[in-house]
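**Student:** Provide a 3D model corresponding to the input given below.
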Amino acid sequence: MTLVMMSTTAVPVLMSLRSITSNASQQIWWAFVFGYALIWLGFALAASSLQLAIAELNLFDSQNGLNKILSGGLLITAGLYQFSSLKQKCQSECVAPMQFFIRHWRDGVSGSFKMGLRHGVTCVGCCWALMLLAFVGGLTNIWFMVLSAAVMAIEKFPVIGRRITLPLGVLIIVWGVAVSASLFTK
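**Tutor:** Below is the predicted model:
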C-alpha cells in the first residue's frame with residue numbers, strides 16, 4: 001500500500017526523467033524506479049515492524065487505531081515536522097524534479113539506480129511523518145489512505161504544495177492537541 005500511495009507523488013519526477021532519457025535505454029528509467037521503490041519498501045517494512053510491535057504491546061484501541069496518548073503525540077510530532085528545515089529541504093527536492101536531476105545526475109543504469117535511491121530517501125524525508133499518521137487514522141481505513149495520498153501528492157505541486165505545508169502542520173497539531181485533551185475530558 002505504501003508503494004501505491006507514493007507512486008502518485010512520484011509522477012512529476014518520473015515524467016521528468018522520462019523526458020530527459022527519451023532517447024536512452026528504458027533500463028535507465030527502470031533502474032531509477034527500482035531504486036526509488038527499494039527505499040519505500042524499506043520504509044514499509046519498518047512501518048510494518050512498528051505495527052507489529054504496537055500490536056504486541058496492545059497499544060491499539062478497539063477501532064484499530066493507536067490509543068489516544070500515542071495518537072496525540074504522533075499527531076503533534078507530525079505537525080511540528082511540517083515546520084522543520086529537513087521537511088522544507090526534502091520537499092524542495094520533490095517539487096523541482098529537473099533541479100534534482102541537474103544537481104544529482106549520474107550516468108548509466110547504476111547511476112540512475114543511485115539517483116532513484118537518493119530521490120527515495122528525499123521523498124521519505126518529505127513524507128514519513130504524514131505516512132505514519134495511518135496509525136492514527138486507521139491502518140485499514142481506505143478513505144484515510146486516499147486522503148493521505150492526495151495530501152502528499154498536492155504537497156509536491158510547486159505552487160500549491162508550499163502553501164499548504166504550514167497550514168497542514170497547524171491543522172495536524174490542533175488535531176493532536178484535541179486528541180490529547182480528550183484524555184482529560186471524561
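**Student:** any idea how far residue 110 is from the residue most central in space within the chain?
**Tutor:** Note on the chain: the residue nearest the mean C-alpha position is residue 127, at 2.4 Å, using Cα atoms, centre = their mean. Distance, residue 127 to residue 110, by Cβ to Cβ, to the nearest Å: 26 Å. Just so you know, the C-beta spots here come from the backbone N, C-alpha and C atoms, and that holds for glycine as well.
**Student:** pLDDT averaged over the longest helix along the chain - what is it?
**Tutor:** Criterion DSSP state H: the longest helix present in the chain is helix 26-56. Averaged across helix 26-56, pLDDT comes to 91.
**Student:** give the helix, strand or coil label for the residue nearest to the centre of the chain.
**Tutor:** Following DSSP: H, G, I helix; E, B strand; the rest coil, the label given to residue 127 is helix.
**Student:** and the pLDDT for it?
**Tutor:** In this model, residue 127 carries a pLDDT of 88.
**Student:** that one touches residue 8, doesn't it?
**Tutor:** No: contact criterion Cβ atoms under 8 Å: residue 127 and residue 8 do not qualify, at 11.2 Å.
**Student:** now do the shared contacts for these two.
**Tutor:** residue 152 (Cβ atoms under 8 Å, 6 or more residues apart in numbering).
**Student:** list the buried ones in the next helix or strand after the longest helix of the chain?
**Tutor:** Next helix or strand after helix 26-56 toward the C-terminus (DSSP states H and E): helix 68-81. Within helix 68-81, the residues that count as buried by 16 or more other Cβ atoms under 10 Å are 70, 71, 72, 74, 75, 76, 78, 79, 81.
**Student:** how close does the fourth one get to residue 133?
**Tutor:** From residue 74 over to residue 133 the distance is 7 Å, taken as Cβ to Cβ.
**Student:** also residue 171?
**Tutor:** Residue 171 is 11 Å from residue 133, by Cβ to Cβ.
**Student:** what stretches of the chain score poorly on pLDDT?
**Tutor:** 1-5, 62-65, 186 (pLDDT under 70).
**Student:** does residue 153 touch residue 6 like I think?
**Tutor:** No: contact criterion Cβ under 8 Å: residue 153 and residue 6 do not qualify, at 9.3 Å.
**Student:** between those two, who's got more neighbours?
**Tutor:** residue 6 (23 against 18; other Cβ atoms under 10 Å).
**Student:** and that one, what does it touch?
**Tutor:** Here residue 6 is in contact with 40, 123, 127, 149, 152 (Cβ under 8 Å, 6+ apart).
**Student:** before we move on, what about residue 176?
**Tutor:** 71, 72, 73, 74, 75, 76, 77, 78, 79.
**Student:** residue 117: which of those residues is nearest?
**Tutor:** Comparing those against residue 117 with Cβ to Cβ picks out residue 78 as the nearest, at 24.5 Å.
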